[in-house]
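here is a sequence together with a model predicted from it:
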Amino acid sequence: MTVAQPDVSVIIGAYEAMPYLVECLRSVEDQTLDPARIEVIAVDDGSTDGTADYLDEFAERAPMTVTVIHQENSGGPSGPRNVALGKARGRYVFFLDADDRLGTEALERMVAMADEQRTDVVLGKVVGVNRTAPKSMWGKTLPRTDVFSSQIKFTLSAQKLFRHELLTRHGMRFDETLKTGEDALFTLEAYLRADGVSVISDYTCYYLVGRDDGKHVTKSGSYTLRFDSARALMRLIADMVPAGPRRDSLMLRPFLITLLPQFGPGFLTDSEEVRAHKLELAKPLMDAYWHEGVARRLKVNERLRLHLVARGRADLLDDVVQFVKTKKAPTAHLDARAGKAYLAYPHFRDRTAGLPDDWFVPTTRETVTIEAFKATTSVAFPRLRKAARKVLKVRRAA
């Protein structure tokens, strides 16, 4: 007898997932989508805490088809996901982490959206439980969008609904050589290959749970793994998107989210050996991918730090990072003649440093007010107000 194809294959890779797995699986059982339209493929990645037994028990009582695979520990989430993906039969695939949980209507809403809009990827709103979650992409529901005209590049975790045929057609799998950021690589490739992406913002589809034991995978691993992740993501973008503004808009993500944190406050307490190694790892990435098209999209403190990284100027970088750590607002300066505003982070117009003024020009991502200029300049106010408005008008139009 032919078994009907399920609508969605829920893939769960589980390693030492107790007790979080209990709520995770309960959220699958509670789905409003007909159980006959769901299959679960769970891979126990060599757990020793009862995860394996609980998965087997779930398979015996669950109202939907459940396949449990037991294997030796693979060392990361990619292996289990790839194994399960090879077994999936659903029209769609959803990757559910074993310590997270679904909203009750999540699968029903996401499948309906994909079917109605004929989109290849669906993002359901994510909220954090005892941890932060991405927020910028949930402003409104977008029935059909893409990675260039939305904020979805800032959520590259794998917890999305993917059309199975898309993954099969392009032979897409998770990169098992990466120990972090493997989901970002997979998801961004899917965005770029997709015939449309949908965003559901009016219903919480996914609860991203912070573990009390602090063992969530994104919190672990050496800093070198972050550079591996940034390198892979930058290479993917360069390979798939021609040079120009669209590529620059995507490059913003690995520079801002993956690379820049390596040169945040923690850099001040790194050993000299680690600091030198970070700059060494960053150099080929900066040489290959860092240029003005990316830099001008960043805030001054972000751009300034990365420019200094590109030049290997750890001596100047320390002062900037220390200032950023204080969370103080920089002094604002206005060059009335040039009609340009500047934010005076450390080494602004420092002759010995020799940094270009343009590194300190605020972008549209920053708020610069007439009041800030008024408080920090000796130019007469009527003249200042006219010049400042000119600067702000130029910035708003950019």
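Now that the structure is in, tell me what you want to look at.

so where is the stretch 251-398 of the chain shaky, pLDDT-wise?
Residue ranges of the stretch 251-398 of the chain with pLDDT under 70: 365, 367-398.

the stretch 1-150 of the chain: strands as residue ranges?
Assigned by DSSP state E, counting those that start in this stretch, the strands in the stretch 1-150 of the chain fall at 8-14, 38-45, 65-71, 92-95, 101-102, 121-129, 142-145.

in TSV: the ones you listed, plus mean neighbour count.
C-beta here means a position set from N, CA and C on the backbone, and glycine is covered the same way. Formatted as TSV, these follow (neighbours: other C-beta atoms under 10 Å):
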stretch	mean neighbour count
strand 8-14	26
strand 38-45	26
strand 65-71	16
strand 92-95	25
strand 101-102	24
strand 121-129	21
strand 142-145	17
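
could those strands go into a markdown table alongside mean pLDDT and distance to R173?
As requested, the strands of the stretch 1-150 of the chain are exported to a markdown table (pLDDT from 0 to 100; distance: least, C-beta to C-beta, whole Å):
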| stretch | mean pLDDT | distance to R173 |
| --- | --- | --- |
| strand 8-14 | 98 | 12 |
| strand 38-45 | 97 | 14 |
| strand 65-71 | 97 | 16 |
| strand 92-95 | 98 | 12 |
| strand 101-102 | 98 | 24 |
| strand 121-129 | 97 | 16 |
| strand 142-145 | 98 | 25 |
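
columns distance to K283 on top of these, output as CSV?
Below are these laid out as CSV (distance: least, C-beta to C-beta, whole Å):
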stretch, distance to K283
strand 8-14, 35
strand 38-45, 35
strand 65-71, 39
strand 92-95, 34
strand 101-102, 42
strand 121-129, 34
strand 142-145, 36
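
nearest to D30, of those?
Among these, strand 101-102 comes nearest to D30, with 8.1 Å by C-beta to C-beta.

quick check: neighbours of the closest one in the sheet, parallel or antiparallel?
strand 197-209 (antiparallel) (DSSP bridges).

what's the burial count for the nearest residue to F148 once chain neighbours are set aside?
Nearest residue to F148, sequence neighbours excluded (C-beta to C-beta, 6 or more residues apart in numbering): R246, at 5.4 Å. Counted by other C-beta atoms under 10 Å, the residues lying close to R246 total 14.

so what pLDDT did R246 get?
Looking at R246, its pLDDT reads 97.

using the three-state scheme, assign it.
Following DSSP: H, G, I helix; E, B strand; the rest coil, R246 is assigned to helix.

quick check, it in contact with D146.
No - using C-beta atoms under 8 Å, R246 is not in contact with D146, being 10.1 Å away.

just to revisit the earlier point, distance of the residue nearest to F148 relative to K328?
To K328, R246 is 35 Å away according to C-beta to C-beta, to the nearest Å.

same check on D34?
56 Å.

with V10 instead?
Taken as C-beta to C-beta, the span from V10 to K328 is 47 Å.

try L225
From L225 to K328 the distance is 32 Å (C-beta to C-beta).

cool, T67 as well?
56 Å.

same question, P245
Here P245 is placed at a distance of 33 Å from K328 (C-beta to C-beta).

now swap in V209 and tell me
In terms of C-beta to C-beta, V209 sits 35 Å off from K328.

looking at these two, which is more packed in?
V209 (19 against 8).

got the contact list for the more buried one?
Residues in contact with V209 (C-beta atoms under 8 Å, 6 or more residues apart in numbering) are 20, 23, 99-101, 129-131.

and L343, by the same measure?
Going by C-beta under 8 Å, 6+ apart, L343 touches 300-301, 330-333, 360-362, 366, 368.

and the residues you listed, which is closest to T180?
Closest approach to T180 among those (C-beta to C-beta): N301, at 24.9 Å.

buried residues of the helix or strand encompassing the closest one, list them for me.
Here N301 sits within helix 300-311, counting by DSSP states H and E. Neighbour-count burial for helix 300-311 flags 300-310 (criterion: 16 or more other C-beta atoms under 10 Å).

from the contact counts, what lies against it?
helix 272-289, helix 292-295, helix 314-326 (3 or more C-beta pairs under 8 Å, 6 or more residues apart in numbering; DSSP states H and E).

so can I have TSV of these showing distance to V93 and mean neighbour count?
TSV is the format used below for these (distance: least, C-beta to C-beta, whole Å; neighbours: other C-beta atoms under 10 Å):
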stretch	distance to V93	mean neighbour count
helix 272-289	31	15
helix 292-295	32	16
helix 314-326	40	16
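
quick one, which of those helices gets closest to G124.
helix 292-295 (29.9 Å).

could you pull out the helices in the stretch 51-200 of the chain for me?
Along the stretch 51-200 of the chain, counting by DSSP state H, counting those that start in this stretch, helices occupy 51-61, 78-87, 106-117, 164-169, 182-193.

what's the closest of these to K135?
Taking C-beta to C-beta, helix 182-193 is the member of those nearest to K135, at 17.3 Å.

which other helices and strands contact that closest one?
Taking 3+ C-beta pairs under 8 Å, 6+ apart as the contact cut, helix 182-193 packs with strand 121-129, helix 164-169, helix 223-240.

these: which one's closest to H347?
Using C-beta to C-beta, the nearest of the helices and strands packed on helix 182-193 to H347 is helix 223-240, at 25.3 Å.

sorry, back to before: D350: which of the strands of the stretch 1-150 of the chain is closest?
Closest among those, using C-beta to C-beta: strand 121-129, at 40.7 Å.

okay, buried residues for stretch 164-176 please.
By 16+ other C-beta under 10 Å, the buried positions in stretch 164-176 come out as 164, 166-167, 172, 174-175.

correction: the previous question concerned stretch 80-90.
For stretch 80-90, burial by neighbour count (16+ other C-beta under 10 Å) applies to 80-85, 88, 90.

list phi and psi for R313.
phi -90, psi 70 (degrees, to the nearest 10).

burial measure for it, as a count.
That count, for R313 with other C-beta under 10 Å as the rule, works out to 16.
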